[in-house]
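K.L.:
Below: sequence and its predicted model.
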Amino acid sequence: MDTTLDTTPITYRFRIAKADPWTIGAVALSALIVLPVAAVLYLAFNPTENIWPHLLSTSLPRYINNSLLLMLGVGVTVCFIGVTNAWLVTMCRFPGRQQFEWLLALPFAVPAYVIAYIYTDLLEYAGPVQALLRHIFGWQRPGDYWFPEIRSLGGATLVMSLVLYPYVYLLTRSAFLDQSPAMLDASRVMGHGPWRSFLRISIPLARPAIAIGLALTLMETLNDFGTVDYFAVRTLTAGIYDVWLGMGNLGGAAQIAAVMLLFIALLVMTELSGRRRQRYYQADQRFKTMPTYPLRGWRMLLAILCCALPVVLGFLIPGIVLLTYTIESWHESWTPEFRAYATNSILLSAAAGLATIVLASVLAYGQRIRGHAVVKIAHRMASIGYAVPGAVLAIGIIIPLAKFDNTIDALMRQYVGISTGLILSGSVFALLFAYVVRFLAISLGAIEASLDKISPDMDMAARTLG
């Protein structure tokens with residue numbers, strides 16, 4: 001009898017881990033998502049010409065150093081902008097608060113490299129800003145005055161922060177909205193003012209959302225090529241293109257990409273270890289209004305300035321410049337080709353967005369109800385594609401898909417006498433697959449942050465009710 005009691009639970013758990021549909025689905029989806037990354041790693045460990053010793057002794061340390069400095073600067077800046085403004089529009093009352101709630105998300109729509117081009121035109125020596133300063137103060141030569149260099153590491157940090165802070169802002173604001181009003185009321189009863197409540201209540205409760213937003217921001221920072229290349233900041237991503245296109249060595253580029261994947265793996269492990277033992281669940285306070293703090297005087301003006309500055313710098317100024325360019329070249333740009341490009345972009349983005357939401361929901365909920373090691377590993381591995389540069393990710397997708405297409409084509413030619421051509425690699429499937437691999441981490445992070453706020457008691461109650 002003792003033997004039966006000891007072995008039955010073990011056998012039951014073993015079968016669940018192997019045959020449960022959620023586990024099988026999570027592992028299968030993760031394997032598809034990781035396939036391009038595996039192809040890149042295969043190229044890294046099996047290059048046709050191994051230049052790793054040369055990279056290690058010459059340019060790789062500089063790539064790593066610049067990448068770390070850029071990630072540090074962007075991480076600190078986006079956390080300050082995102083968390084501060086999320087708290088202001090959620091917990092404070094001042095003129096324009098409701099408008100700033102959605103205005104602060106607008107810089108997300110402007111690519112970082114576009115802002116880089118715009119601010120370079122505005123702030124370079126021949127641009128209107130320095131020209132106006134020389135006119136006002138009578139300066140004649142560059143040596144007559146000092147002006148910060150926009151095309152630098154600091155300029156890249158500022159430009160990327162203006163575009164990427166909505167990652168932290170949106171997730172943090174959602175976390176603040178889901179906090180229990182009773183806890184904030186209790187903080188007030190204990191004599192804590194707005195600042196102490198923010199530090200001791202709001203920030204700890206929103207920490208998982210902040211961590212996910214920061215991780216996504218740093219992945220995007222590490223992945224960016226257009227901005228750092230235009231500003232002549234040689235990061236790991238720029239190094240990939242230098243080695244691939246400049247030296248014609250795809251294996252060496254894949255080796256640098258492998259270093260980037262190591263960075264992301266360390267980033268994800270650090271984020272997980274920081275909140276491993278912390279669980280915050282949403283209380284049922286649907287009919288209670290969130291307490292807010294009225295701001296007056298200089299505090300009101302400071303809050304308006306703090307919210308308006310990222311919108312003006314990250315969206316309004318670039319938007320005005322782009323609108324001016326559009327009006328000036330309207331007849332040259334509004335063509336049937338442009339309309340076809342716009343239609344394709346909208347359809348592809350809608351399809352990719354729907355696919356990432358569906359797949360992320362399956363992975364996140366599978367981890368919630370089947371939280372053993374296999375599902376957790378599959379869940380984390382599915383997010384790593386976000387750190388792979390787009391061009392390298394394309395290579396990682398084309399290689400296995402082209403191999404599959406060639407194999408099918410050879411078999412059909414041999415046994416049926418017809419050619420199937422490029423079934424996957426030559427169709428829109430390859431592009432959608434690349435989008436899903438690239439952006440699944442965004443949907444997965446948002447859905448995971450939302451599920452983390454739901455108490456497991458809700459799942460238990462649902463199962464009890466059948």
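P.N.:
Yep, that arrived.
K.L.:
now the helices for the stretch 251-400 of the chain?
P.N.:
For the stretch 251-400 of the chain, applying DSSP state H, counting those that start in this stretch gives helices covering 298-311, 317-328, 330-333, 336-369, 373-381, 390-415.
K.L.:
Same list, the ones you listed, but as TSV with mean pLDDT please.
P.N.:
TSV is the format used below for those (pLDDT from 0 to 100):
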stretch	mean pLDDT
helix 298-311	93
helix 317-328	88
helix 330-333	79
helix 336-369	88
helix 373-381	75
helix 390-415	82
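K.L.:
Dump the ones you listed into a markdown table; add distance to residue 54 and mean neighbour count as well.
P.N.:
Placement of C-beta: from N, CA and C, glycine included. Formatted as a markdown table, those follow (distance: least, CB to CB, whole Å; neighbours: other CB atoms under 10 Å):
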| stretch | distance to residue 54 | mean neighbour count |
| --- | --- | --- |
| helix 298-311 | 42 | 16 |
| helix 317-328 | 40 | 13 |
| helix 330-333 | 44 | 9 |
| helix 336-369 | 38 | 15 |
| helix 373-381 | 31 | 18 |
| helix 390-415 | 19 | 16 |
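K.L.:
So which of these is nearest residue 45?
P.N.:
helix 390-415 (13.5 Å; CB to CB).
K.L.:
The closest one packs against which elements?
P.N.:
helix 21-45, helix 236-241, helix 250-274, helix 428-452 (3 or more CB pairs under 8 Å, 6 or more residues apart in numbering; DSSP states H and E).
K.L.:
of all those helices, which lies closest to residue 337?
P.N.:
With CB to CB as the criterion, residue 337 lies closest to helix 428-452 of the helices and strands packed on helix 390-415, at 18.3 Å.
K.L.:
Okay, angle between that closest one and helix 250-274 too, please.
P.N.:
20 degrees (axes from the mean of the first three to the mean of the last three CA atoms, to 10 degrees).
K.L.:
Backbone torsions only: list them for residue 93.
P.N.:
Per-residue torsions, residue 93: phi -120, psi 120 (degrees, to the nearest 10).
K.L.:
Could you do the one 3 residues further on as well?
P.N.:
Taking degrees, to the nearest 10, you get phi 90, psi 10 for the backbone angles of residue 96.
K.L.:
Spatially nearest residue to it, not counting backbone neighbours?
P.N.:
Counting by CB to CB, 6 or more residues apart in numbering, residue 96 lies nearest to residue 304, which is 6.2 Å off, once chain neighbours are set aside.
K.L.:
quick one, what contacts that neighbour?
P.N.:
Shown in contact with residue 304 (CB atoms under 8 Å, 6 or more residues apart in numbering): 94, 95, 96.
K.L.:
Pass me the low-pLDDT residue ranges in the protein, would you?
P.N.:
Within the chain, the segments meeting pLDDT under 70 span 1-19, 180-196, 199, 268, 270-291, 371, 387-389, 391.
K.L.:
Which segments of it make up each domain?
P.N.:
Domains of the chain are assigned by the TED database as 25-42+335-465, 50-248+295-333.
K.L.:
tell me how far the ends of the last one are from each other?
P.N.:
End-to-end span of domain 50-248+295-333 (CA to CA, to the nearest Å): 45 Å.
K.L.:
what's the angle from the one helix or strand residue 164 maps to to helix 428-452?
P.N.:
Using DSSP states H and E, residue 164 sits within helix 153-177. With the same axes, to 10 degrees defining the directions, helix 153-177 sits at 50 degrees from helix 428-452.
K.L.:
Show me which residues of helix 153-177 are buried.
P.N.:
Using 16 or more other CB atoms under 10 Å as the test for burial, helix 153-177 gives 153-176.
K.L.:
Give the ChimeraX command for selecting the buried subset of the contacts of residue 304.
P.N.:
Under the burial definition 16+ other CB under 10 Å, those of those that qualify are selected in ChimeraX by:
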select :94
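K.L.:
Next, format the contacts of residue 304 as CSV and append distance to residue 149.
P.N.:
As requested, the contacts of residue 304 are exported to CSV (distance: CB to CB, whole Å):
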residue, distance to residue 149
94, 36
95, 37
96, 34
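K.L.:
and the strand or helix carrying residue 118, what does it pack onto?
P.N.:
Assigned by DSSP H and E, residue 118 belongs to helix 112-123. Other helices and strands packing on helix 112-123, by 3+ CB pairs under 8 Å, 6+ apart, are helix 128-137, helix 153-177, helix 226-230, helix 317-328.
K.L.:
residues in contact with the shortest one?
P.N.:
Around helix 226-230, the neighbours that count as contacts under CB under 8 Å, 6+ apart are 66, 70, 111-113, 116-117, 120, 151, 156, 159-160, 234-235, 237-238, 241.
K.L.:
Need the buried ones from these selected in ChimeraX.
P.N.:
Those of the contacts of helix 226-230 that count as buried under 16+ other CB under 10 Å are selected in ChimeraX with:
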select :66,70,112,113,116,117,120,151,156,159,160,234,235,237,238,241
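K.L.:
which non-adjacent residue is nearest the residue most central in space within the chain?
P.N.:
The residue lying closest to the centre of the chain (CA atoms, centre = their mean) is residue 216, at 3.3 Å. Distances taken as CB to CB, 6+ apart place residue 167 nearest to residue 216, at 4.8 Å, with adjacent residues excluded.
K.L.:
Pretty sure that neighbour sits against residue 219.
P.N.:
No - contact criterion CB atoms under 8 Å: residue 167 and residue 219 do not qualify, at 9.5 Å.
K.L.:
quick one, what contacts residue 365?
P.N.:
22, 451.
K.L.:
picking that back up, starting at the chain centroid, how far to the helix holding residue 164?
P.N.:
10 Å (CA atoms, centre = their mean, to the nearest Å).
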